[in-house]
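Participant: starting from these lines, generate the structure:
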Amino acid sequence: MRIIDTWPNTYTFTKAIAESIIRKTATDLPIAIVRPSQVSPSLKEPVCGWINNVYGPNGAGIGAFAGLIRTGVIHAETELNFIPVDMVANCIIAAAFGATTSKQILSPGPWKSRAWYNSTSSIFPSWWACAEDYHRKSKTDLCSDDW
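Facilitator: Okay, the predicted model is just below:
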């Protein structure tokens, strides 16, 4: 028997464990859970393009724009689901405000919570093909001279 049972990966499994702990221990608190998609550099705040790490797609993007990563295998039709970090921060603030001021309870039972799914793909979808086109058009302005 697998430890993670029906969950597809360890990320979703540990997320479920954390939410279960909150559900059991915070029965008298208003809870808002924000679930962003992959977090990307900022759109506007504190400045456009700000990021404090180079993990995952952020590192790959920085490496590509710096001219350090020159090749990669992508599927042009794969949809990207990124959300700028400043939009995630604003969503967290709005979710906390909503959870503490709303009298309407959306979840049944003693645990009164809301889950906020924070992503852009349904409104402004983007694909790897778009990212590749953007990279080709902007590499002369943004990449290092060694490109």
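
Participant: going forward, measure contacts and count neighbours with C-alpha atoms only.
Facilitator: Noted.

Participant: how about W7: what's its closest non-neighbour residue?
Facilitator: F13 (5.6 Å; Cα to Cα, 6 or more residues apart in numbering).

Participant: helices and strands of the protein: which one has the lowest mean pLDDT?
Facilitator: One helix or strand of the chain scores below all others by mean pLDDT, DSSP states H and E: helix 128-142, with a mean of 67.

Participant: ok now stretch 26-40, how far from the chain's centre?
Facilitator: The chain centre lies 13 Å from the centre of stretch 26-40; the measure is Cα atoms, centre = their mean, to the nearest Å.

Participant: tell me the buried residues in that stretch?
Facilitator: For stretch 26-40, a neighbour-count test (16 or more other Cα atoms under 10 Å) marks P30, I31, A32, V34, P36, S37, Q38, V39, S40 as buried.

Participant: and the second one, how close does it get to N58?
Facilitator: Looking back up the chat, that one is I31. 30 Å (Cα to Cα, to the nearest Å).

Participant: just the last one next, same as before
Facilitator: According to Cα to Cα, S40 stands 6 Å off from N58.

Participant: what's the answer for the fifth one, then?
Facilitator: Note on P36: its distance to N58, by Cα to Cα, is 15 Å.

Participant: so where do the strands sit in this structure?
Facilitator: Along the chain, counting by DSSP state E, strands occupy 31-36, 38-40, 79-80, 82-84, 113-118, 126-127.

Participant: could you report the pLDDT at the nearest residue to F82 once chain neighbours are set aside?
Facilitator: Nearest non-adjacent residue to F82, counting by Cα to Cα, 6+ apart: Q38, 4.8 Å away. pLDDT for Q38: 83.

Participant: check contacts around Q38.
Facilitator: Going by Cα atoms under 8 Å, 6 or more residues apart in numbering, Q38 touches N81, F82, I83.

Participant: name the nearest of the residues you listed relative to W128.
Facilitator: N81 (10.3 Å; Cα to Cα).

Participant: can I assume that closest one is in contact with I123?
Facilitator: No: N81 is not in contact with I123 according to Cα atoms under 8 Å; the separation is 10.7 Å.
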